[in-house]
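Visitor: sequence and predicted structure, then a few things I'm wondering about:
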Amino acid sequence: MKRFTVVIALLIAVPFLCCAYSKVESTGKKALILMSLEEEQQLGTESYNEILKESKLSTNATYNKRLDEIAKRLIEAVGKDAPEGTQWEYHVIEDEQVNAFAVPGGKIAVYSGLMAIASDDELAYVVGHELGHVTARHGAQRMSQQAVISAVGSVAQGAMKSETSATLFSVAYGLGSEYGVILPYSRQNEYEADNLGSLYAARAGYNPDGGLSMLQKLKTLSGSSSMPEWLSTHPLDDNRIAKLKELYQRNTDEYKKAVSTKKK
Ligand SMILES: [Zn+2]
């Protein structure tokens, strides 16, 4: 009976899903997106404003100036990859966390704890990576996947007779309510954001060594007592570093082009 109900739920979900794949401009791939760009951007803007209201903005003039310059150059490098209607905004939050995030709509925040340990090239990689999540619409993809899991989950949960199983089910699927910034990105999303972000950083004239040294720095920190917050939402494994190395030649070529154009 239980299995039967899950199958019914999937039968309802599958035809619905086949019509819900949209092409993402920056990656050229189709992705499951169950919301309009406007809805996605509105949700992003609301949660960003909420976070800013609860945070202390940095008054460190050096940090603000550094982020301003890096973000401006990266946004220029993003160019046409920016989803329609994107209104970029960025702030430094005063907090010792080693963290940064972006939400749909192009809203970015970098914590002073990250500013303190990163060089400009390293920071450009992190901010570029965040811009990559925005241009690839990963926020909308995560929310869409969670909506599907919740829909299937609620039907299946009703079919479970034992209270213990139902509780376990809630725990497994309970993350669905934590939309947006809290859920970690999937590995695939991380590779994609690294691919796009390292290209944006190189095109903006930042040395691709910065990406590799940043990941190495974060990896070292994660082995100590001060786990960087950034890694809790942007999972890091050795594959990620290996994949970024594979992009090194492409990024170096783009970086050299950007630097020689600037000199002319
Ligand atoms: Zn990420």
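Guide: Noted; the coordinates are in hand.
Visitor: residues contacting A31?
Guide: By C-beta atoms under 8 Å, 6 or more residues apart in numbering, the contact set of A31 is Y21, S22, V24, A136, R137, Q141. Quick note: C-beta positions are derived from backbone N, CA and C, even for glycine.
Visitor: please enumerate the helices of the stretch 151-264 of the chain.
Guide: Along the stretch 151-264 of the chain, the segments classed as helices by DSSP state H, counting those that start in this stretch run 163-173, 187-203, 209-223, 229-233, 238-246, 248-263.
Visitor: walking through this protein, point out its strands one by one.
Guide: For the chain, the strands defined by DSSP state E occupy 21-24, 29-32, 89-93, 100-103, 107-111.
Visitor: touching the ion at all, the fourth one?
Guide: No - among the residues of strand 100-103, none lie within reach of the ion under C-beta under 5 Å from the ion; the closest is 8.8 Å away.
Visitor: could you give the separation of stretch 201-217 from the chain centroid?
Guide: Remark: stretch 201-217 is offset 17 Å from the chain centroid, using C-alpha atoms, centre = their mean, to the nearest Å.
Visitor: quick one: buried residues of that stretch?
Guide: Within stretch 201-217, the residues scored as buried using 16 or more other C-beta atoms under 10 Å are 201-215, 217.
Visitor: and of those residues, the nearest to the ion?
Guide: Nearest to the ion among the buried residues of stretch 201-217, counting by C-beta to the ion, is L215 at 11.2 Å.
Visitor: if we can go back for a sec, now mean pLDDT too, for the strands of the chain, in CSV please.
Guide: Output for these, formatted as CSV (pLDDT from 0 to 100):
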stretch, mean pLDDT
strand 21-24, 83
strand 29-32, 83
strand 89-93, 97
strand 100-103, 90
strand 107-111, 95
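Visitor: in TSV, list the ones you listed along with distance to L43.
Guide: Below are the strands of the chain laid out as TSV (distance: least, C-beta to C-beta, whole Å):
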stretch	distance to L43
strand 21-24	16
strand 29-32	17
strand 89-93	15
strand 100-103	8
strand 107-111	11
